[in-house]
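S.K.: coords below, sequence missing:
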């Protein structure tokens, strides 16, 4: 799914994680799914970018939409390692060319496709217990084990906000809403379908790590609860790490409601610039023509890391342990050099005598 998670693979493969926090950024990008783990206490993380979308609807005489989306999310780990406050937003600005009448009218539209704020909590963490590492066998540490398929599980609950209640371009994500309103009804002030100011969402996320370089994430969501058209969806994301800096992903998303049904496939790659910065890009397409969809995007994730070095129980973090090991090695090297120097002096002195 994402380089933050794929870099987490390296940590899971060689060390124990006592908390959500990792030395390298844990991003939900690229792709649309969310991982089971939070960013960790004291971490503020931004994930943003732009996306181009092209729609064509066979049911409306092949009417077309060219649009640009700005997407942004904010994640904050607070109170405890398992808890995260999250905001997800995406705003579409497009040009719709209607082919229903001639000459073809053009409409410019803009509005939120997503405007969500919620809280994520890690319900179950299979990586919490320490595992012994076989320092003599790479195969032993990276071979497939059934227990690796036991996923981490989290639950995200929150609310969707619709600030443009009286000027809705994309109610329930329907980007062609404007051209299928009855003309006479529209002339007397009708608005077609209307999404309420407030609705709710619950998402169950799972995350499995296996074979040392693979992550499988699932999301199951019940969205727009308490509205006229609730929506159910799933996302399946498989990520593979092939170097410490690079990862690739494949994703399938299914959406089901009375307003919109779709199957979308995406693929892309992510690259780690620093421990706190990731860049990514992806493309996507769906499997239908009412409407058809093509998309491509690029984005960046950046975190502000104020995570404390120790948790409440006083257990050292991975960062502390690595520093301690490095310091200990330097001390041992220094002692070895000193001992070697003393030994050479003793040998020279013995030869003189």
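M.R.: Received the coordinates, thanks. Just so it is clear, the structure is predicted and the values come from calculations on it, not from any experiment. Numbers count the residues shown, from 1 in each chain.

S.K.: Residue nearest the middle of this protein, spatially speaking?
M.R.: The residue lying closest to the centre of the chain (Cα atoms, centre = their mean) is residue 28, at 1.2 Å.

S.K.: What sits closest to it if chain neighbours are left out?
M.R.: Nearest residue to residue 28, sequence neighbours excluded (Cβ to Cβ, 6 or more residues apart in numbering): residue 34, at 5.0 Å. Placement of C-beta: from N, CA and C, glycine included.

S.K.: So the one you found sits against residue 155, correct?
M.R.: No - applying Cβ atoms under 8 Å, one finds residue 34 not in contact with residue 155, separated by 11.0 Å.

S.K.: Please say which of those two ends up with more neighbours.
M.R.: residue 34 (26 against 15; other Cβ atoms under 10 Å).

S.K.: Is that one located within a strand, as I assumed?
M.R.: No - assigned with DSSP: H, G, I helix; E, B strand; the rest coil, residue 34 falls outside any strand and is coil.

S.K.: list the contacts for the residue nearest to residue 28?
M.R.: By Cβ atoms under 8 Å, 6 or more residues apart in numbering, the residues touching residue 34 are 28, 86, 120, 156, 203, 205, 217, 219.

S.K.: returning to that earlier point: can you verify my assumption that the residue nearest to the centre of the chain contacts residue 47?
M.R.: Yes - using Cβ under 8 Å, residue 28 makes contact with residue 47 at a distance of 6.2 Å.

S.K.: Common neighbours of these two, please.
M.R.: Counting by Cβ under 8 Å, 6+ apart, the residues touching both residue 28 and residue 47 are 73, 75.

S.K.: Can you list the buried residues in stretch 46-61?
M.R.: Within stretch 46-61, the residues that count as buried by 16 or more other Cβ atoms under 10 Å are 47, 49, 51, 53-57, 60.

S.K.: could you redo those residues as TSV and give each row distance to residue 114?
M.R.: Output for the buried residues of stretch 46-61, formatted as TSV (distance: Cβ to Cβ, whole Å):
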residue	distance to residue 114
47	13
49	14
51	12
53	13
54	19
55	17
56	22
57	21
60	24
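
S.K.: still on that earlier bit, tell me which of the contacts of residue 34 fall in strands.
M.R.: Members of the contacts of residue 34 lying in strands (criterion: DSSP state E): 86, 120, 156, 203, 205, 217, 219.

S.K.: Which pair of those spans the longest distance?
M.R.: Taking Cβ to Cβ as the measure, the ones in strands among the contacts of residue 34 span a maximum distance of 15.4 Å, between 86 and 217.

S.K.: Of the two, give the one with the bigger neighbour count.
M.R.: residue 217 (26 against 22).

S.K.: List the beta-bridge partners for the closest residue to that one other than its chain neighbours.
M.R.: With Cβ to Cβ, 6+ apart as the criterion, residue 217 has its nearest non-adjacent residue at 4.5 Å, and that residue is residue 237. Residues in a beta bridge with residue 237, per DSSP bridges, are residue 217, residue 251.

S.K.: Same check on residue 111?
M.R.: Applying DSSP bridges, one finds that residue 111 bridges with residue 92.

S.K.: That one touches residue 169, doesn't it?
M.R.: Yes - with contacts counted by Cβ under 8 Å, residue 111 reaches residue 169, the gap being 3.8 Å.

S.K.: Overlap in contacts, those two.
M.R.: Shared contacts of residue 111 and residue 169, counting by Cβ under 8 Å, 6+ apart, come down to residue 92.

S.K.: So the residue nearest to residue 217 is in contact with residue 247, correct?
M.R.: No - in terms of Cβ under 8 Å, residue 237 does not count as a neighbour of residue 247; the distance is 11.3 Å.

S.K.: list the contacts for the closest residue to residue 224 other than its chain neighbours?
M.R.: Sequence neighbours aside, residue 199 is the residue nearest to residue 224 in space, at 4.4 Å (criterion: Cβ to Cβ, 6+ apart). Residues near residue 199 by Cβ under 8 Å, 6+ apart: 159-160, 162, 223-227.

S.K.: Name only those of those that count as buried.
M.R.: If we count by 16+ other Cβ under 10 Å, the contacts of residue 199 have these buried: 160, 162, 223-224, 227.

S.K.: Go through those and name the one with the lowest pLDDT.
M.R.: Among the buried ones among the contacts of residue 199, residue 162 carries the lowest pLDDT, at 88.

S.K.: is it true that it touches residue 112?
M.R.: Yes - counting by Cβ under 8 Å, residue 162 touches residue 112, with 7.0 Å between them.

S.K.: can you pull the pLDDT of residue 315?
M.R.: Looking at residue 315, the pLDDT reads 43.

S.K.: all helices for the chain, in order.
M.R.: 3-14, 138-142, 183-187, 318-352 (DSSP state H).

S.K.: who's in contact with the closest residue to residue 293 other than its chain neighbours?
M.R.: Spatial nearest neighbour of residue 293, excluding adjacent residues (Cβ to Cβ, 6+ apart): residue 286 at 4.4 Å. The contact partners of residue 286, taken as Cβ under 8 Å, 6+ apart, are 262-265, 292-293.
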